[in-house]
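[1] this one's sequence-less:
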């Protein structure tokens, strides 16, 4: 298992930017495909962006393509999500976690506490 701590959330106006950070401890972070998930009240966590462990291949949900950029720094055991041109629909609690080799779903690893992102005017 890998332990995860998310940070960097907050409030932004529509059109603004935020940069989220996911810090991992435990097993070597570089072994794992990783992703960012968003959860809104009453709904499941949805995968919004993912990145592979080796090639750095990325995958995004359509609604964030061209606005969000996922990246990772393996030696620092850290992953990032740069969020630009934010929209109210981006509001939610953001979590990071391990994902499948297809970069399309979470694996069975404990969730962190998440970081709240609120986009409003």
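    Yep, it's here. Values in this document were obtained by computation on a predicted structure and should not be read as measured data. Numbers count the residues shown, from 1 in each chain.
[2] residue 33 contacts residue 51, doesn't it?
    Yes: counting by Cβ atoms under 8 Å, residue 51 is a contact partner of residue 33 at 7.0 Å. Just so you know, the C-beta spots here come from the backbone N, C-alpha and C atoms, and that holds for glycine as well.
[3] buried residues in the helix or strand residue 118 falls within?
    Element membership for residue 118 (DSSP states H and E) is strand 115-119. For strand 115-119, a neighbour-count test (16 or more other Cβ atoms under 10 Å) marks 115, 117, 119 as buried.
[4] ok, stretch 49-63 next?
    Across stretch 49-63, burial judged by 16+ other Cβ under 10 Å covers 49-53, 58-60.
[5] returning to what we had before: and the buried residues of strand 115-119 as a markdown table, adding distance to residue 28?
    Output for those, formatted as a markdown table (distance: Cβ to Cβ, whole Å):
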| residue | distance to residue 28 |
| --- | --- |
| 115 | 23 |
| 117 | 28 |
| 119 | 34 |
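[6] do you know the pLDDT at the residue most central in space within the chain?
    Centrality entry for the chain: nearest residue to the mean C-alpha point is residue 36, 2.2 Å, by Cα atoms, centre = their mean. For residue 36, the pLDDT comes out at 98.
[7] can you tell me the helix or strand for it?
    strand 34-39.
[8] quick one: residues in contact with that strand.
    20, 22, 45-51, 53, 70, 72, 79, 81, 90, 92-99, 103, 106, 114, 117 (Cβ atoms under 8 Å, 6 or more residues apart in numbering).
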